[in-house]
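**Student:** Sequence first, then the predicted structure:
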Amino acid sequence: MSKILATQLNGLYQKIIQNEEDSIEQTARLLAQAGIGEGNIYFACFDELQAVEFYALHSEEPFAKLSKWSPDVDIYEADRVLIFAKSAQNPEALQLAKKLYDEFIPFAVVASEVASDENELSNLAYTYISMHIRGGLIPHPTKLGERVVVPHLHAALFIYEAIKLVYDEMLEDEL
C-alpha cells in the first residue's frame with residue numbers, strides 16, 4: 001500500500017506543477033511585494049491546513065516576514081495574505097477574501113477546486129492555486145468504491161514549499 005500511496009502523491013504533485021506553476025510563481029511575486037517592501041505577510045489557514053502556517057512560522061527555515069494571522073489582525077495595503085482552504089466554499093475563507101477584496105488588499109488563495117467562473121474565491125483572488133483534489137487517493141480494500149487518504153495537507157505543504165523556493169530566490173535577488 002505504501003508504494004501505491006507514494007505513486008498517487010507523486011502523481012498529484014506532478015499535476016499541481018503541470019497546471020499551477022505559473023500561479024505559484026505569481027503568488028511568490030505577490031508575497032515578495034510585502035517581503036521586500038514595508039508590509040507583512042499573513043497565511044490565513046483554515047481547518048487542518050493551519051498546520052501550514054505553524055510549519056511556515058516554526059520550521060528550521062521559516063518563511064521570511066511571515067506574521068501570525070488571526071481574524072483580529074489589522075491588515076493594511078502594504079500587507080499580503082495567502083489563504084489556504086480545503087474548499088473554495090469555506091465560509092471563513094470567503095468572508096476574509098471579500099473583506100480583502102473590498103479593501104483593495106491583494107491576496108492569493110490555495111484551495112482544492114480549479115479556478116472557474118462558478119468559483120467565487122478564485123474570482124476574488126489576485127492569484128489562485130488549485131490543489132486538484134477531488135477525493136481520496138487510494139481505494140479502501142474493504143469498503144466498496146470508497147477512497148481514503150484525502151491529501152489536502154500534503155498538497156498544501158507541497159505548494160507552500162514551491163512558493164517558498166521562488167519567494168526566497170526573489171528576496172535574495174533584492175539583497
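**Tutor:** Great, that's in hand.

**Student:** Only C-alpha atoms from now on, for both contacts and neighbour counts.
**Tutor:** Fine.

**Student:** Which residues belonging to the helix ranked longest in the chain are considered buried?
**Tutor:** Longest helix of the chain, by residue count under DSSP state H: helix 2-36. Using 16 or more other Cα atoms under 10 Å as the test for burial, helix 2-36 gives 8-9, 12-13, 16-17, 20-21, 23-36.

**Student:** Please apply the same query to stretch 139-159.
**Tutor:** Buried-residue list, stretch 139-159, by 16+ other Cα under 10 Å: 151-159.

**Student:** which residues touch that stretch?
**Tutor:** With Cα atoms under 8 Å, 6 or more residues apart in numbering as the test, stretch 139-159 has contacts from 9, 12-13, 16, 24, 48-49, 51-52, 84, 86, 110, 112, 131, 133, 135-138.

**Student:** Of the residues you listed, which count as buried by neighbour count?
**Tutor:** 9, 12-13, 16, 24, 49, 52, 84, 86, 110, 112, 131, 133, 137-138.

**Student:** Give me the pLDDT for the nearest residue to residue 174 once chain neighbours are set aside.
**Tutor:** Leaving aside its sequence neighbours, residue 174 sits nearest to residue 36 (Cα to Cα, 6 or more residues apart in numbering; 7.3 Å). Looking at residue 36, its pLDDT stands at 92.

**Student:** shouldn't residue 36 be in contact with residue 172?
**Tutor:** No. Here residue 36 does not reach residue 172: they are 9.8 Å apart, not a contact under Cα atoms under 8 Å.

**Student:** Let me see the contact set for residue 37.
**Tutor:** residue 78.

**Student:** ok, it to residue 105 distance?
**Tutor:** 14 Å (Cα to Cα, to the nearest Å).

**Student:** same check, this time on residue 48
**Tutor:** From residue 48 to residue 105 the distance is 25 Å (Cα to Cα).

**Student:** same deal with residue 89?
**Tutor:** For residue 89, the distance to residue 105 - Cα to Cα - is 21 Å.

**Student:** Neighbour count: these two, which is higher?
**Tutor:** Legend: neighbour count by other Cα atoms under 10 Å for residue 89 and residue 105, higher for residue 105 (18 against 15).

**Student:** list the contacts for the more buried one?
**Tutor:** Here residue 105 is in contact with 76-80 (Cα under 8 Å, 6+ apart).

**Student:** now do residue 115
**Tutor:** Shown in contact with residue 115 (Cα under 8 Å, 6+ apart): 122-123, 128-130.

**Student:** All good on my end, thank you.
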